[in-house]
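> 3D, please:
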Amino acid sequence: MMSANLSLAAMRRDEADILTRWAADEGWNPGKADVAIAWDTDPDAFIALRRGSELVGGGTIFSYSGAFGFMGLFIVRRDLRGGGLGAQLWRHRLDHLRSRLAPGASIGMDGVFDMMPFYQRGGFALAHKDIRFQGIASGVMDRDVHRLDPPSFAVVDHFDRPHFPAPRSPFLQRWIFQEGAFAMGLFEKEQLAGYGVARPALAGYKIGPLFAARADIAERLFTSLMAQISGTQVQIDVPEPNEPGIRLAQASGFKEVFGCARMYQGAMPKLPLPRIFGVTSFEFG
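Numbering: from 1, shown residues only. The predicted structure follows:
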């Protein structure tokens, strides 16, 4: 039972920024525009846990047009952990997300490894691990890799579609063309063969998504993105089953620094993991 002075409700925009600061304090290094983009796309995704009028926890439950849900950012204020508030917040978010989705729609999440048994009791099954690599950007711009612009979005959106469990055009358009980001594509025979995005984070940059038809294309995109941000810290989250993606990060001198379990409740999406060299984000899928 929820304590009498605690409540769960929709989050205010200013509280979403507080959540971002808490995430930064935990070392999660969110993208500078991640929460703003998510809010602009799906403001109903943000759930607040309050004590009176004070925010003490919160999280996101992103709905992609009702066809797929994602349990994203999830945090309880540090001084209030260990008393069961997190479990109550998590279950409320899951129940509320189910109500926002079409019957039978799957729900995904990236959870820390230690919490896997809890998530499994909640009906989630492990699909694979996502491994975060970190390093310093250094690369050479490939002559066949080009900066993506808004008129090219329809082509990118079409290419993206098989790599994600549901259409996500409104989110993706904001993500690709956010301020300070580098979005690059490689075309073969006038067809898009891969694309990647490097976005500013609180520390350095994050690369994601990085989708490519082949490993050599992913490498050319990766090095071209790093050429744009040379000398800065970079993080990329690679699905563990994509062995060429793991080798690409390691060959670039990147080290494993973190990881999450990609889990699903409901039907497990059939995604082309050999083409996914970097997931979009741990918070939004």
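> Please make it C-alpha for all contacts and neighbour counts, starting now.
OK.
> who's in contact with the helix or strand hosting A261?
A261 belongs to strand 255-265 when assigned by DSSP states H and E. Residues outside strand 255-265 that contact it (CA atoms under 8 Å, 6 or more residues apart in numbering): 106-113, 116, 123-135, 237, 249, 282.
> Walk me through which strands it pairs with, and which way each runs.
With DSSP bridges as the test, strand 255-265 is paired with strand 106-111 (antiparallel), strand 125-136 (antiparallel).
> Using a markdown table, lay out these together with mean pLDDT, mean neighbour count and distance to M11.
Below are the strands paired with strand 255-265 laid out as a markdown table (pLDDT from 0 to 100; neighbours: other CA atoms under 10 Å; distance: least, CA to CA, whole Å):
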| stretch | mean pLDDT | mean neighbour count | distance to M11 |
| --- | --- | --- | --- |
| strand 106-111 | 97 | 24 | 20 |
| strand 125-136 | 98 | 20 | 28 |
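> In JSON lines: the ones you listed, plus distance to R262.
JSON lines is the format used below for the strands paired with strand 255-265 (distance: least, CA to CA, whole Å):
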{"stretch": "strand 106-111", "distance to R262": "5"}
{"stretch": "strand 125-136", "distance to R262": "5"}
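> ok so, going back, need the next SSE after the strand holding A261, C-terminal direction.
Going down the chain from strand 255-265, the next helix or strand is strand 276-278, by DSSP H and E.
> Quick one: closest of the strands paired with strand 255-265 to A38.
Taking CA to CA, strand 106-111 is the member of the strands paired with strand 255-265 nearest to A38, at 15.5 Å.
> ok, and what's touching the closest one?
Residues outside strand 106-111 that contact it (CA under 8 Å, 6+ apart) are 67-72, 119, 130, 260-269, 282-283, 285.
> Now the buried members of these.
Neighbour-count burial (16 or more other CA atoms under 10 Å) applied to these gives 67-72, 119, 130, 260-265, 268-269, 282-283, 285.
> low-scoring stretches of the stretch 101-250 of the chain, by residue?
Judged against pLDDT under 70, the stretch 101-250 of the chain has no low-scoring part.
> Please, where are all the helices along it?
Using DSSP state H, counting those that start in this stretch, the helices assigned to the stretch 101-250 of the chain run over residues 116-121, 153-160, 169-176, 215-228, 243-251.
> circling back to that earlier point, I'd like to know which of the strands paired with strand 255-265 is closest to F177.
strand 125-136 (23.2 Å).
> Just want the angle from that closest one to helix 243-251.
On the basis of axes from the mean of the first three to the mean of the last three CA atoms, to 10 degrees, strand 125-136 is oriented at 30 degrees to helix 243-251.
> Name the surrounding residues that touch strand 125-136.
So strand 125-136 is contacted by 110, 119, 230-241, 249, 252-265, 268 (CA under 8 Å, 6+ apart).
> Filter those residues down to the buried ones and express that as a PyMOL selection.
Here is the PyMOL command that selects only those of the contacts of strand 125-136 that count as buried (16+ other CA under 10 Å):
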select buried, resi 110+119+230+233+234+235+236+237+238+239+240+241+249+252+254+256+259+260+261+262+263+264+265+268
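> remind me, longest helix of this protein?
If each helix of the chain is counted by residues according to DSSP state H, the longest one is helix 85-100.
> Buried residues, that helix. List them.
Neighbour counts over helix 85-100 (16+ other CA under 10 Å) mark L85, G86, L89, W90, H92, R93, L94, L97, R98, R100 as buried.
> That helix vs strand 106-111, what angle?
For helix 85-100 against strand 106-111, the angle by the same axes, to 10 degrees is 150 degrees.
> ok, and what's touching helix 85-100?
2, 8, 47, 49, 57-63, 66, 69, 71, 74-76.
> What separation do you get for the nearest residue to V140 once chain neighbours are set aside and L89?
Nearest residue to V140 in three dimensions, chain neighbours excluded: A227, at 5.2 Å (CA to CA, 6 or more residues apart in numbering). The gap separating A227 from L89 is 42 Å, by CA to CA, to the nearest Å.
> How far does the longest helix of the chain sit from its chain's centre?
Distance of helix 85-100 from the chain centroid (CA atoms, centre = their mean, to the nearest Å) equals 19 Å.
> Next: stretch 37-47.
For stretch 37-47, the separation from the chain centroid amounts to 14 Å (computed by CA atoms, centre = their mean).
> next one: stretch 32-41
Relative to the centre of its chain, stretch 32-41 is centred 11 Å away, using CA atoms, centre = their mean.
> The helix or strand hosting F74 packs against which elements?
Assigning secondary structure by DSSP H and E places F74 in strand 68-76. Using 3 or more CA pairs under 8 Å, 6 or more residues apart in numbering; DSSP states H and E, the elements in contact with strand 68-76 are helix 13-25, strand 54-64, helix 85-100, strand 106-111.
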